[in-house]
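# pasting the sequence and the predicted coordinates here, then a few questions.
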Amino acid sequence: MSNKLNHRAKKSLGQNFLQDPNICRRIVDAIDPKSEDYIIEIGPGQGAITKFIYEGQPARYTVLEMDDDLIVHLGEEYPQLNIIHTDALKFEWESLNNDELCKIAGNLPYNVGSKLIWDIVSKVKTLERAVFMVQHEVAQRLTAEPGNKSYGGLTAWVRNFAKTRYLFKVPPTVFRPQPKVDSAVVLFKPLTVEEMPDNPEALARLIKMLFQKRRKQLSTILKKQWTPEMEAWFQREKVSPKARPENLTPSQFRGLSKFI
């Protein structure tokens, strides 16, 4: 950036500003911006990633930012940028479905990262790819396989809408102020419409029901919902009723949700 910004990070907004240009370039490489792209960045902050995306001159570039001071700075530094003053948690992600394909990126605040990803992958039907930096533990959850201790409700939900790939770890030392934990960057590529759930509401209910009691056996948790049809499903899928929620694959969650 040409102008040095003297901005104190606001703890209330979960601000940790990325300082390392090499990390920024690696994130932007994963986004793979092209001149015809529509790119949306969540929480650009001081413009660490913005700078490199902007240089590529995408056809459309929108950022979502809450901080008034940073909005002024971004507007001065990047005059062609479309800046929306909003909380990304309150943004109507479905509104993007009336538009062309988009790529979404961001260094997500730790306290809202999981919720944002839950919404984006399931609501943005025009998503081409997404690249998010999140807390390392969340990155492990997003990319875990069934049976792994990191595999949970977030994993089962996200993987019914997108393939995930763990790209690289990011140490606290490249941020100001420094967080207390490692971060990591994850790539999301949407599944086809045919691979996505027909009834996301039923899937969400099932995931929440099962992972609230993740230490119990599936037959115990589903006792009130148990039917001969459900039993036949377990036999077809070769899943033991004594298995626990983390043993189901994302597609098995989708199949089982049809009985809920």
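That came in fine, so what should we check first?
# which strand or helix spans residue 130?
In the assignment (DSSP states H and E), residue 130 maps to strand 127-135.
# one more: residue 116?
Using DSSP H and E, residue 116 falls in helix 113-123.
# doesn't residue 63 lie inside a strand?
Yes. Counting by DSSP: H, G, I helix; E, B strand; the rest coil, residue 63 is part of a strand.
# pretty sure it contacts residue 74?
Yes. Residue 63 is within contact range of residue 74, at 6.7 Å (criterion: C-beta atoms under 8 Å). Every residue, glycine included, has its C-beta placed from N, CA and C.
# okay, and the common contacts of those two?
Common contacts of residue 63 and residue 74 (C-beta atoms under 8 Å, 6 or more residues apart in numbering): 44, 50, 81, 83.
# tally of neighbours for the third one?
For residue 81, the count of nearby residues is 18 (other C-beta atoms under 10 Å).
# right, and it touches residue 74 too?
Yes. Between residue 81 and residue 74 a contact is recorded at 6.1 Å, counting by C-beta under 8 Å.
# now the strands for the stretch 101-250 of the chain?
In the stretch 101-250 of the chain, strands defined by DSSP state E, counting those that start in this stretch lie at 102-107, 127-135, 162-170, 175-176, 183-190, listed in chain order.
# pull the contacting residues for residue 96.
Residue 96 makes contact with 40, 102, 124, 126-127, according to C-beta under 8 Å, 6+ apart.
# quick one: stretch 56-73 to chain centroid distance?
19 Å (C-alpha atoms, centre = their mean, to the nearest Å).
# sorry, that was for stretch 27-43
The answer for stretch 27-43 is 15 Å, by C-alpha atoms, centre = their mean.
# next one: phi and psi at residue 75?
Backbone torsions for residue 75, taken as degrees, to the nearest 10, come to phi -60, psi -40.
# name the nearest residue to it, ignoring sequence neighbours.
residue 83 (5.9 Å; C-beta to C-beta, 6 or more residues apart in numbering).
# alpha carbons of the host helix or strand of that neighbour, as PDB, please.
Applying DSSP H and E as the criterion places residue 83 in strand 82-85. The C-alpha trace of strand 82-85 is given here as PDB (Å, rounded to 0.1, in the frame of the first residue of the first chain):
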ATOM      1  CA  ASN A  82     -16.900  -1.900  -4.600                       C
ATOM      2  CA  ILE A  83     -17.100  -1.600  -0.800                       C
ATOM      3  CA  ILE A  84     -20.100  -2.800   1.200                       C
ATOM      4  CA  HIS A  85     -20.300  -1.600   4.800                       C
END
